[in-house]
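A.B. asks: Coordinates for the following, if possible.
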Amino acid sequence: MKTTEEVKGQLANKFLTGLKNRDWELMRQALANDVTWTLPGTSLLSGPAVGADAVIKRAGQLRDFGVMVQLNHILYGLDSVALSLHNTASRGDLILDEQVAIVCDITDNKISRITTHLSDVEGINKFFIEGVI
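C.D. replies: Numbers count the residues shown, from 1 in each chain. Purely as a prediction, here's the structure:
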């Protein structure tokens, strides 16, 4: 069964609104229990997060680091939805200023896989480090 654009938009908005507002139950409604989220680089947040709890933990860590998320566009694929974002944060002299694409694969009307693409992987490697949060 194909997921409609309306459902894709709802899932994308639940994920993003949950992230922005720290509404983890709202985010959980959009996620499959066995969802995976991959993030490039070698930072504290890089690699795979497996399962809804791990995905929500990663989202919380992003917010704990002070990341502000601005939605540019929601883009619709056949079996996926992508979020085009501009993420910013600062800590001392360190500035995070990233263009981000988060691709959410959808299975059975839930987000089953999240893949993050970044404009500056070195930037996250320097920003998301141990001992800050």
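
A.B. asks: So which residues of the protein form helices?
C.D. replies: Using DSSP state H, the helices of the chain run over residues 5-21, 24-30, 52-64, 121-127.

A.B. asks: Can you check what angle separates the first one from helix 52-64?
C.D. replies: Regarding helix 5-21 and helix 52-64, their directions subtend 50 degrees when assessed with axes from the mean of the first three to the mean of the last three C-alpha atoms, to 10 degrees.

A.B. asks: Show residues contacting helix 5-21.
C.D. replies: 23-31, 59, 62-63, 69, 71, 74, 76, 80-81, 83, 104, 106, 109-111, 114 (C-beta atoms under 8 Å, 6 or more residues apart in numbering). (Glycine included, C-beta is placed from N, CA and C.)

A.B. asks: Just the buried residues from those, in PyMOL please.
C.D. replies: Selection of the buried residues among those in PyMOL, burial being defined by 16 or more other C-beta atoms under 10 Å:
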select buried, resi 24+26+27+28+29+30+31+59+62+63+69+74+80+81+83+104+106+110+111+114
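
A.B. asks: about what we covered before: want to try a markdown table for the helices of the chain, with mean pLDDT as columns?
C.D. replies: Putting the helices of the chain into a markdown table (pLDDT from 0 to 100) gives the following:
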| stretch | mean pLDDT |
| --- | --- |
| helix 5-21 | 96 |
| helix 24-30 | 98 |
| helix 52-64 | 97 |
| helix 121-127 | 95 |
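
A.B. asks: Would you format these as a markdown table with distance to residue 36 included?
C.D. replies: Formatted as a markdown table, the helices of the chain follow (distance: least, C-beta to C-beta, whole Å):
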| stretch | distance to residue 36 |
| --- | --- |
| helix 5-21 | 14 |
| helix 24-30 | 14 |
| helix 52-64 | 8 |
| helix 121-127 | 18 |
